Structure formats: structure tokens, C-alpha cells
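Engineer: Sequence first, then the predicted structure:
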Amino acid sequence: MLVLNNGYVSLIFSREKKSHRCVWNYFTRLPHLVQTRTVHGVCWIFAKMRLMAVQRTLTGTILKLDIMRIMLLWLIWESTFGIFSRGEITNYKAAAEPECNSIDTNFYSINGDDTLGYSKVNYKRSSMDGWNLTSQKLIDSFPLDSIKQNYVRQVRDCIFSAIQPTPFKSAVTLAAVSKEVVEDLLDLDVSITKTKEFIQFVSGAKVLPGSISLAHRYGGHQFGVWSGQLGDGRAHLLGAYVNRHGTRWELQLKGSGKTPYSRDGDGRAVLRSSLREFLCSEALNYLEIPTSRAASLVISNDVVKRDNFYNGNVKNEKGAIVLRVAKSWFRFGSLEILAYSGEIELLRKLVDFVIEQHFPLINATGSNKYLEFFSQVVTDTSYLIARWMSVGFAHDFVPNTSDDEGRYKIGNQANVGRYNLDKLKKALNPLLEPQQQLLAEQILKGYPGLYQAKFLELFKAKLGLSGLDDSDDYLIAFLLKLMEDTRADFTMTFRQLSEIYKQDLEVKNISKEYWALQDLAKHKKFSHWIHLYLLRLKSNTIESDDARRIRMQSVNPRYIFRNWMAESAIKKAERNDFSEIHLLQKILRRPFTKQAEAEEAGYSSRPPPWAKDLRVSCSS
């Protein structure tokens, strides 16, 4: 999907929905694209990327990698493997005012003038009265589904279907909220989340004035095969909100009922997958990885039947809904479905909308605008994947029964990113002249070099390496290979390298607290790697060892959201005990800082023995 905004544009672009959406992403500074993907069954939307543009001309020379660098790149990619989805709408008419005019400027202005000021005293609403959403920009820009009834079908000649959420039949419980999202992004005082009005809103039981809920039509590939129409089968876009900073956020419910895109599904989400998404979204944000945000998680006693591992073992589970927030919800598949269906003019209209609204640095009337758009997406995708690889975020932390061929394993993340970009290129081909299509192919060939350069930059920072040294890529690949061979913990290996003193490394004095390094030290080549590493550190600019440790700890998290933590929180939440959700929220807000509560909970210790038996699927 496409998330637009002041400072960023987020085009989500869903690819490979089962895995789940390996979306394009990481867009440019003024607008940026969002990425949707599912890892362990958790759907992620990565948005809000900082501008990291690589200056290069369309006809410029594509970086040529020599044989050694190609081999090292392959080794980096491969060695990382072992480490790591009521009723009918009768009226589409919404308020005619522009979205920006929906801001109550008097509420925010300091002196009551007509500028969008910032009141330090009263910057959060204590009531939802007057707090409105609008879908007007999207409704005005694109045709809606002409069929108003809500039933599963193939949809054509539109971008959205206007469909209302279906509320739960039983009472709902608010399990968790993100104070930061509610207050900082949505301008609501967190006390509002305890009100009946808020709980009705985030559970789909109440539609706010000006809101026309929409389900998005898109397509995509699943495990390398074109799956045709996919779409929002259990999600409803409630509308957009422009906050006190002038930032536009789109709010979407997930698990809120059936739509024309539900296929064989029931339109619902369950507690376990919703809890994972809620916590993972926020965890990624605090790891400084672009992502959608999660505002709230509500749970119902409505029975939702699920076959978690697709083995015929159907169980009754609790239904849940997550209120998700992103700059936009467009995705790769938004363009693909139109290209595959031959709806070229609508495809052109959508891409023009994305460029005009979210890529202000691209000349919207230029003859090369679609090529420039693709070039930026290639760059941003390479950076995004390198960023999540730098924290070990990938599809195969634990066995995923939905991906038995290992298509989305950690060692294949960059390759799948290129695959997705190739599909995006094909979707854009109808808008490109023959010569531009050739240039697009050359741009795509530059992706490995872009990825490798960003990967190297991030991993050098993780190892505390400064300056330039031709041996750095070898040093990194060597370490990742040792980690693969010894099955050393990815997160704690890097974290403990940032905590241990150089003098202890020099004499191989590795105490029990550095348990991941102790595992790594079992490798016969560990001493050789340490020797090379210490030599490289000596070439750094003069700094104390304490300074090195502080610098490394700022980029190597001590706490990440691990699968066993999710499982523990899920088991408690199934008994209406949400204490671990709240604890994890607190800890994951500061992943780089050692915290007493986290240590007591064992969040930096070896995973418990039972964690080795955990299995997940795309339903998880």
C-alpha cells in the first residue's frame, strides 16, 4: 500500500503475499514507500525510511563487481542463513473539504491564529469529539468498485471497494495500546483509550464522521507463482488523519471482517498472529527499521477456527483486531494487478498519484518520471533489506511450515528482494518506452552493488570499524561463517562483542556472561578471526576502548522480539493475562539499553530449551 506524507511516502507494494508480502519499499525522504511482508505469519508494513538516496544518472555506469567481491557477496548472503490477512454502502459522499482543511487549527494554535501552531499545554485531545478521519483524497482520485454488496468476487476497474467493518458479536477487551502512536501520531491523550468510544472505534463497531472504510484491490505472487487477485481480505482502511505536525497517517483495521477480497477466508485474525504483529511493529520501529505502526490490540471471545499448521488439526481461537497506522497502504501488487488485468490507464493514474503525492523530487511532468520512480525504489529496497538483515530479521528464525522450500530464508532475503523488483519492473513496462525498458533492466542490475554497499556499511558499524579497509568485507563474511558453523546467536554475538573489553579478547578471557561468544569460541578458526579483528580495530582513529564499546552498543540491540517471548506472551494472553505484552512493550522501546526487568525476565539469556521445539506458519 501506499503511505503518503509530509516527510515520507510509503508505498507498500505487496509481493509474495504468503511469505507474506515481500514488498518493495523504503522510499524517499519526502514521500516514502511502505513495505508489507509477513514473517512467521506476521504481516509487516515497513514505512518511514529516511532518505538515503544514491546519486546516479539513468545512463550512468552500473557498478561492476569483480570476481572476488561477487564471491564475498555470495558468501555474505549465504552465511547469514544459519544465523538467523457488513453490509452494503449506500452513500459514498463524504465531506468535500480537502484533507488538510480537516485540521482543527484553532485547537493547535498557540494564540488562536490561523497557522498550524503547536500548543505545549494542550497538544493532545482529551476527547474524540471532533477527531475525524477522511477518505476523500483516495475517493476523489480513483474509481470505486461499482458493486456495493459485500461478497467475494473478482473485482475490476477500481482501486478500492467501499466496505464496512464487521464488529465482533461478543464483548471485546483492549489488550494493549501504543502510547507513542496514540499520543505522538494521532494527537489523542492515552486516557481516551479507556473509553467505550475508543474501544468501539478500534474494534470496528463505530465509524467516525467523514470516514468511508475501504478495502484495497491488489494482486501478488505466492512462493514464486502469480496468484491473481489478493487484496484486503480482512482489512479496512478507515481513513486518513493529519496530525498537529501536518503529517498524514492512514488508519487500517486488520481482522475486521470479510471483504470482496476474502477468497476462502473468514475475514478475521486471531490473538496469536495479532499479538505478534502488534509487538513486532513497535519493536522494529525502536530498532530504527522502517515499519508500519500498531496503535491498539483488541481481543474478543468470538470463536475463530484455524488450522495453524495446515495439517487438519482445526482449533477454536480468540478473534482479535489490530489498528495499524502507516503513511500509505499501496504496494507492489497494487500496480501488478492492474498490469496483469490490462487496466493500463488506471495503472498510469495510480503511478502518477504516487509520484505526485509522494515523490516531490521527481518531475511529475517529465518524460522519465516512471524510470526515475523505479530507480528510487530499487535503491530504497536494497537499503531496507540490508537494514533488517543487520538485526537478523528474517523469515526462518524458526522452522516455518509454510515455507518448506526455504524461499524466504535469511540467506535468500536479498535475492527475493531482487525478484520482487523484477516483478515491479514488469508491472511498469506498459508505461515505459522500449529504450526506457532497457534502462530499467540496467538499473535493476545495479541492485546487488547497492545492497552490498549498504550491508557493508551497517556491519562495519556493528563491529565498530571506522575508516576504509579492503579487508572489511572478508572480515564480516568470516565472522558470519563462524556464526553459522557454531549456530551462535546473531543478536548476542554482536552485542557481546560491543560489551567485552579488547584486553579480554586479546587473552581469550571470555566469561559466562558472554555466552554467545563462548559458543563462537568453539570454532577452531575463532582465534584467527579475533586476531584479524583486533588488528583492524587498531587501525581505527584514536579512541578509547570505552568509546568503541559505547559506539557499538548504540547499533547492536541487547533485546529483540524473539519467537519464544511471543509464545510466552500469547499463552498468558489466552488466559486474559496481558502482563507480558505490557512488559515487552516497555523493554522493546529501549532495545539498546540494558534494563533490570529484561534481565530478570531472561530476555538477553539463552532461549529456554522448549523454544527449540517452536514452529510457526503463515497463519502464526
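Structural biologist: Yep, it's here.

Engineer: helix/strand/coil for residue 296?
Structural biologist: In three-state terms, and counting by DSSP: H, G, I helix; E, B strand; the rest coil, residue 296 is strand.

Engineer: Am I right that it is in contact with residue 192?
Structural biologist: No - counting by Cβ atoms under 8 Å, residue 192 is not a contact partner of residue 296; they are 10.9 Å apart. Placement of C-beta: from N, CA and C, glycine included.

Engineer: higher neighbour count, these two?
Structural biologist: Neighbours per residue, other Cβ atoms under 10 Å: of residue 296 and residue 192, the larger number sits with residue 296, 24 against 20.

Engineer: for this protein, which helix is longest?
Structural biologist: Identified as the longest helix of the chain according to DSSP state H is helix 369-389.

Engineer: Quick check: neighbours shared by residue 296 and residue 192?
Structural biologist: residue 182 (Cβ atoms under 8 Å, 6 or more residues apart in numbering).

Engineer: And the longest helix of the chain, what does it pack against?
Structural biologist: If you count contacts as 3 or more Cβ pairs under 8 Å, 6 or more residues apart in numbering; DSSP states H and E, helix 369-389 packs onto helix 344-358, helix 413-428, helix 434-445, helix 447-462.

Engineer: name the helices or strands packed onto the shortest one?
Structural biologist: Put plainly, it is helix 434-445. Helix 434-445 packs on helix 369-389, helix 413-428, going by 3+ Cβ pairs under 8 Å, 6+ apart.

Engineer: Show me what counts as buried in it.
Structural biologist: 436-437, 439-440, 443-444 (16 or more other Cβ atoms under 10 Å).

Engineer: Quick one: residues in contact with that helix.
Structural biologist: 58-59, 62, 368, 370-371, 374-375, 378, 418, 421-422, 425, 428-429, 432.

Engineer: Swap in 7 Å and give it another go.
Structural biologist: Around helix 434-445, the neighbours that count as contacts under Cβ atoms under 7 Å, 6 or more residues apart in numbering are 58, 62, 371, 374-375, 378, 421-422, 425, 429, 432.

Engineer: just the buried members of these?
Structural biologist: 371, 374-375, 378, 421, 425, 432.

Engineer: residue ranges with poor pLDDT in the stretch 351-500 of the chain?
Structural biologist: 393-411 (pLDDT under 70).

Engineer: With distance to residue 331 as extra columns, can I get the helices and strands packed on helix 434-445 in TSV?
Structural biologist: Below are the helices and strands packed on helix 434-445 laid out as TSV (distance: least, Cβ to Cβ, whole Å):
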stretch	distance to residue 331
helix 369-389	12
helix 413-428	10
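
Engineer: between these, which one is nearest to residue 223?
Structural biologist: helix 413-428 (10.5 Å; Cβ to Cβ).

Engineer: Give me the buried positions along that closest one.
Structural biologist: Buried, per 16+ other Cβ under 10 Å, within helix 413-428: 413-421, 423-425, 427-428.

Engineer: Closest one to residue 580 out of those, please.
Structural biologist: Of the buried residues of helix 413-428, the one sitting nearest to residue 580 (Cβ to Cβ) turns out to be residue 413, at 29.0 Å.

Engineer: So for stretch 455-468, first residue to last residue, what's the gap.
Structural biologist: Using Cα to Cα, to the nearest Å, the end-to-end distance of stretch 455-468 comes to 15 Å.

Engineer: which outside residues touch that stretch?
Structural biologist: With Cβ under 7 Å, 6+ apart as the contact definition, stretch 455-468 has outside contacts at 76, 386-387, 389-390, 472-473, 476, 494, 497-498, 536-537, 539-541, 548, 551-552, 555-556.

Engineer: out of those, which are inside helices?
Structural biologist: Those of those lying in helices (DSSP H): 76, 386-387, 389, 472-473, 476, 494, 497-498, 536-537, 548, 551-552.

Engineer: Could you identify the buried members of those?
Structural biologist: Neighbour-count burial (16+ other Cβ under 10 Å) applied to these gives 76, 386-387, 389, 472-473, 476, 494, 497-498, 536-537, 548, 551-552.

Engineer: Among those, which pair sits farthest apart?
Structural biologist: 387 and 537 (24.0 Å).

Engineer: gap between residue 494 and residue 552?
Structural biologist: Going from residue 494 to residue 552 by Cβ to Cβ, to the nearest Å gives 8 Å.

Engineer: whoops, I mixed them up, residue 196
Structural biologist: Taken as Cβ to Cβ, the span from residue 196 to residue 552 is 48 Å.

Engineer: What are the phi and psi values at the residue of the chain positioned farthest from its centre?
Structural biologist: Residue farthest from the centre of the chain, counting by Cα atoms, centre = their mean, is residue 507 at 41.6 Å. Note on residue 507: its backbone torsions stand at phi -100, psi 10 [degrees, to the nearest 10].

Engineer: One more: residue 172?
Structural biologist: According to degrees, to the nearest 10, residue 172 has phi -110, psi 150.

Engineer: same check, this time on residue 162
Structural biologist: The phi/psi pair for residue 162 (degrees, to the nearest 10) is phi -90, psi 110.

Engineer: Just give me the neighbour total for it.
Structural biologist: Using other Cβ under 10 Å: residue 162 sits among 22 other residues.

Engineer: pLDDT score assigned to it?
Structural biologist: With respect to pLDDT, residue 162 scores 98.

Engineer: quick one on the thing from earlier: any idea how far residue 519 is from the residue farthest from the centre of the chain?
Structural biologist: For residue 507, the distance to residue 519 - Cβ to Cβ - is 19 Å.

Engineer: swap in residue 445?
Structural biologist: Counting by Cβ to Cβ, the gap from residue 445 to residue 519 is 39 Å.

Engineer: for residue 212, same thing?
Structural biologist: In terms of Cβ to Cβ, residue 212 sits 55 Å off from residue 519.

Engineer: Looking at these two, which one has more neighbours?
Structural biologist: In this view residue 212 and residue 519 are compared by other Cβ under 10 Å, and residue 212 has more residues nearby, 24 against 20.

Engineer: Tell me the pLDDT of the more buried one.
Structural biologist: 95.

Engineer: Could you pull up phi and psi at residue 524?
Structural biologist: Per degrees, to the nearest 10, the backbone of residue 524 is at phi -70, psi -20.

Engineer: Pull the number of nearby residues for it.
Structural biologist: 8.

Engineer: Equivalent analysis for residue 344, please.
Structural biologist: 12.

Engineer: Use 550 as the first number from now on
Structural biologist: Got it, the first residue is 550 from now on, which makes the last one we talked about residue 893.

Engineer: Who are the contact partners of it?
Structural biologist: Residue 893 neighbours (Cβ under 7 Å, 6+ apart): residue 979.

Engineer: From residue 981, how far off is it?
Structural biologist: Distance from residue 893 to residue 981, by Cβ to Cβ: 12 Å.
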